[in-house]
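Undergrad: sequence-free structure coming up:
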Ligand SMILES: NC(=O)c1ccc[n+]([C@@H]2O[C@H](COP(=O)([O-])OP(=O)(O)OC[C@H]3O[C@@H](n4cnc5c(N)ncnc54)[C@H](OP(=O)(O)O)[C@@H]3O)[C@@H](O)[C@H]2O)c1
């Protein structure tokens, strides 16, 4: 954790060609049961698990750590949802109060009130000028300041994964690669990153590679 923000681990589960879902959005399951069990252990070892509203809409995940034995406490489950459009019957609600981080001035007060009445905790933060969505650095600051969060696991689609990478807010990437190739018609692992030249693209440092059932698990240090 730096002075102002929690440490951030980005988890990615892709095909060999870096695709996270079919064009239809179908992504369950690209990786096998061993990789998914590892993801549950990762969730248990972080203070918070953060996703985007796109993943909530597509997959309706619980984002709990389902390990055996169960962890002493569940991570705080967090959704970046600029306009407070999270469904009121989201599976996230099945395991305690998740936190929805909305955009100040972008979420209607009635939408926020509906979420709170349904059992969500709601925070409001500044939106980035472009692309007009929740500012990821502000979201991390709220997690540290108001919730005592020191470590965050980002488990999201290309939108939020791209936002954290673009902002230089990722410390570590854990990348599960499954033995299949989905092609350019499937969805990419990250949104645009906006690099101008190859020289300015940060190079990551490989820290560990191991087999995880039929998949490969790579740990990369980003910063
Ligand atoms: N294989 C994997 O590891 C994995 C993991 C998770 C999801 N997925 C797949 O990813 C797909 C969903 O992708 P997605 O990109 O829609 O999901 P996402 O990254 O989870 O959510 C994107 C949404 O988050 C909101 N958001 C809030 N702040 C943001 C910011 N600063 N930057 C970007 N977005 C922000 C935006 O909606 P608002 O503007 O309304 O706030 C945006 O549309 C699904 O098919 C899912 O199955 C795969």
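TA: That came in fine, so what should we check first? Note that the structure is predicted; figures quoted are calculated from it, not measured.

Undergrad: what are the boundaries of the helices in the chain?
TA: For the chain, applying DSSP state H gives helices covering 33-44, 53-59, 109-118, 136-147, 158-166.

Undergrad: so what touches the second one?
TA: With Cβ atoms under 8 Å, 6 or more residues apart in numbering as the test, helix 53-59 has contacts from 21, 25, 27-28, 61, 79-82, 85-87, 90, 92, 155-157, 159-160. Heads up, the C-betas are built off the backbone N, CA and C, glycines and all.

Undergrad: repeat the analysis, applying 7 Å as the threshold.
TA: 25, 27-28, 61, 79-81, 85-86, 90, 92, 156-157, 159 (Cβ atoms under 7 Å, 6 or more residues apart in numbering).

Undergrad: sorry, back to before: out of the helices of the chain, deepest packed?
TA: Counting by mean count of other Cβ atoms under 10 Å, helix 158-166 has the highest mean neighbour count of the helices of the chain, with a mean of 21.

Undergrad: and the gap between residue 98 and the ligand?
TA: Per Cβ to the nearest ligand atom, to the nearest Å, residue 98 is found 14 Å from the ligand.

Undergrad: over to residue 113?
TA: Counting by Cβ to the nearest ligand atom, the separation of residue 113 from the ligand is 18 Å.

Undergrad: can you check residue 126 too?
TA: 11 Å.

Undergrad: swap in residue 188?
TA: 10 Å.

Undergrad: circling back to that earlier point, quick one, which of the helices of the chain is nearest to residue 5?
TA: helix 136-147 (4.2 Å; Cβ to Cβ).

Undergrad: which strands or helices does the closest one pack on?
TA: The contact analysis (3 or more Cβ pairs under 7 Å, 6 or more residues apart in numbering; DSSP states H and E) places helix 136-147 against strand 76-80, strand 121-125.

Undergrad: buried deepest among those, which one?
TA: Of the helices and strands packed on helix 136-147, the one with the most neighbours on average (mean count of other Cβ under 10 Å) is strand 76-80, at a mean of 26.

Undergrad: pairing partners for it, with directions?
TA: Strand 76-80 sits in its sheet next to strand 48-52 (parallel), strand 99-103 (parallel), going by DSSP bridges.

Undergrad: what angle separates the first one from helix 33-44?
TA: Meaning strand 48-52. Comparing the axes of strand 48-52 and helix 33-44 via axes from the mean of the first three to the mean of the last three Cα atoms, to 10 degrees yields an angle of 110 degrees.

Undergrad: about what we covered before: how about the helices of the chain in a markdown table, adding distance to residue 193 and mean pLDDT?
TA: Formatted as a markdown table, the helices of the chain follow (distance: least, Cβ to Cβ, whole Å; pLDDT from 0 to 100):
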| stretch | distance to residue 193 | mean pLDDT |
| --- | --- | --- |
| helix 33-44 | 23 | 98 |
| helix 53-59 | 17 | 95 |
| helix 109-118 | 30 | 97 |
| helix 136-147 | 13 | 97 |
| helix 158-166 | 5 | 97 |
